[in-house]
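S.K.: Have a look at this prediction, sequence included:
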Amino acid sequence: MKAAIFHEAMKVTMEEVPAPKIGDADILVRARACGICGSDLHMYRLGVFAEVLCRQSEGGMIPGHEFAGEVAEVGKDVEGIAVGDRVTAVTFGGMAEYVPITPALLGFNVYKVPEEVGWVEAATTEPLANSLHATQLGTPADGQNAMIFGAGIIGLGVVQSFKVMGFDLNKLIMVDVSDRRLAMAKELGVDEVINAAKEDVYARAMELTGEVPIEIIQGAATSPAVDIVYDCVGYIQERPETPVIQHAVLVAREYGKVVVHGVFEAPVTLELMPMVLKHVQVLGSYGFVPDDVYKALELMRDKKVDRMKLVSHEYPIEEAGQAFDIMCQVDNSVKVVVNI
């Protein structure tokens with residue numbers, strides 16, 4: 001079968017490898033589309049996390065975990081899943097013609113995809129579920145100001161989540177270093193955008209949300225009135241900017257929240273007294289729960305979110321290496337999907 005193989009940093013090629021075999025509790029999925037995740041880029045650029053982000057096969061390490069396809073084989077002990085079912089699944093090694101799900105449990109690591117949802121769109125289910133999960137962790141409320149760092153598939157998914165959840169925010173602000181991605185955020189409905197490579201994030205946050213006192217500190221100490229900050233970036237070693245989490249604790253208001261969903265490529269050094277003095281809550285967000293997946297599929301089925309708008313490039317699996325290269329170019333891409 002055809003599969004994308006990760007060899008080393010900056011080297012992914014398509015290879016012919018043996019098709020996997022399944023056991024009685026497993027299913028085999030004929031994958032149709034697989035997205036490249038931001039976490040995949042940490043692996044691609046630096047060679048890190050490969051053991052976590054790939055499935056080891058006889059032919060090498062197969063990346064990809066944002067995929068969808070149709071069931072080709074079903075083990076005799078599997079319940080609720082049949083050959084021909086359209087599914088998305090929680091596993092690794094999705095950038096191949098055939099993907100084993102071991103074991104296959106409907107509603108836990110396998111979810112049926114509605115007919116109304118195309119393959120490329122279905123490949124964005126996993127990141128949308130992540131975005132829904134992160135958005136809800138911030139427990140947003142009407143009238144608040146929310147700031148999102150990172151206009152990739154997760155951060156833009158947070159924007160879409162806010163829109164479908166129906167909160168009447170005062171301001172929804174996106175921060176990124178890519179004008180293309182900031183333009184997409186505006187198209188999706190954010191109120192304001194900040195290019196962190198060109199503007200002072202703290203000063204712009206103060207300008208856009210207003211200045212509020214830090215009441216526990218005697219004197220004239222103030223901060224921007226940002227109630228919730230979403231860090232959808234983490235830490236990227238090659239970027240020269242201050243780590244996003246540092247910006248986040250600085251712009252958050254007293255008793256504000258910071259939801260961290262980005263991946264960190266290395267340890268970071270931070271000044272955390274602003275977090276302590278302002279009683280800022282820092283919440284880690286990783287993955288999703290089954291309800292988030294069901295909600296993501298429902299939103300796509302009912303056309304309440306337009307995920308195809310976020311797909312900037314599609315490549316055949318034969319050009320998997322080029323797909324990874326273009327995904328690294330944040331000024332030229334948003335979401336890249338490999339068709340299989």
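M.R.: Looks like it arrived, so ask away. Residues are numbered from 1 along each chain as shown.
S.K.: Tell me who's in contact with the residue nearest the centre of the chain.
M.R.: For the chain, the residue nearest the mean C-alpha position is residue 154 (3.3 Å; Cα atoms, centre = their mean). Shown in contact with residue 154 (Cβ atoms under 8 Å, 6 or more residues apart in numbering): 38, 127, 130, 131, 134, 232, 261, 262. For glycine as for every other residue, the C-beta is placed from the backbone atoms N, C-alpha and C.
S.K.: Report how many residues lie close to the closest residue to residue 210 other than its chain neighbours.
M.R.: Nearest-residue entry for residue 210: residue 225, 4.7 Å, with adjacent residues in sequence omitted and distances by Cβ to Cβ, 6 or more residues apart in numbering. Other residues within reach of residue 225 by the criterion other Cβ atoms under 10 Å amount to 21.
S.K.: correct me, but residue 225 touches residue 255?
M.R.: No. Using Cβ atoms under 8 Å, residue 225 and residue 255 do not qualify as a contacting pair, with a distance of 11.5 Å.
S.K.: May I see the buried residues of the helix or strand hosting the residue nearest to the centre of the chain?
M.R.: Residue 154 belongs to helix 153-165 when elements are defined using DSSP states H and E. Within helix 153-165, the residues that qualify as buried are 153, 154, 155, 156, 157, 158, 159, 160, 161, 162, 163, counting by 16 or more other Cβ atoms under 10 Å.
S.K.: got it, and stretch 244-255?
M.R.: 244, 245, 246, 247, 248, 249, 250, 251, 252, 253, 254.
S.K.: State the number of residues packed around the spatially closest residue to residue 177 that is not a sequence neighbour.
M.R.: Using Cβ to Cβ, 6+ apart and skipping the chain neighbours, the partner closest in space to residue 177 is residue 197 (4.2 Å). Residues lying near residue 197 (other Cβ under 10 Å) number 12.
S.K.: Please enumerate the helices of the stretch 1-150 of the chain.
M.R.: For the stretch 1-150 of the chain, the helices defined by DSSP state H, counting those that start in this stretch cover 38-46, 50-53, 119-122, 125-137.
S.K.: who does the first one touch, helix- and strand-wise?
M.R.: Applying 3 or more Cβ pairs under 8 Å, 6 or more residues apart in numbering; DSSP states H and E, we find helix 38-46 packed against helix 50-53, strand 60-63, strand 263-264, helix 320-327.
S.K.: same deal with the third one?
M.R.: Using 3+ Cβ pairs under 8 Å, 6+ apart as the contact criterion, the secondary-structure elements in contact with helix 119-122 are strand 27-35, strand 66-74, strand 335-339.
S.K.: mind running it again at 6 Å?
M.R.: The contact analysis (3 or more Cβ pairs under 6 Å, 6 or more residues apart in numbering; DSSP states H and E) places helix 119-122 against strand 27-35.
S.K.: Domain-wise, how is the protein divided?
M.R.: 2-124+307-339, 128-284 (automatic domain parsing).
S.K.: Distance to residue 294 and mean pLDDT for those - can I get that in CSV?
M.R.: Output for the domains of the chain, formatted as CSV (distance: least, Cβ to Cβ, whole Å; pLDDT from 0 to 100):
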stretch, distance to residue 294, mean pLDDT
domain 2-124+307-339, 7, 97
domain 128-284, 9, 96
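S.K.: rewinding a little: output the buried residues of helix 153-165 in JSON lines, with distance to residue 305 appended to each entry.
M.R.: Shown next, in JSON lines, are those (distance: Cβ to Cβ, whole Å):
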{"residue": "153", "distance to residue 305": "12"}
{"residue": "154", "distance to residue 305": "14"}
{"residue": "155", "distance to residue 305": "14"}
{"residue": "156", "distance to residue 305": "10"}
{"residue": "157", "distance to residue 305": "8"}
{"residue": "158", "distance to residue 305": "12"}
{"residue": "159", "distance to residue 305": "10"}
{"residue": "160", "distance to residue 305": "5"}
{"residue": "161", "distance to residue 305": "8"}
{"residue": "162", "distance to residue 305": "11"}
{"residue": "163", "distance to residue 305": "8"}
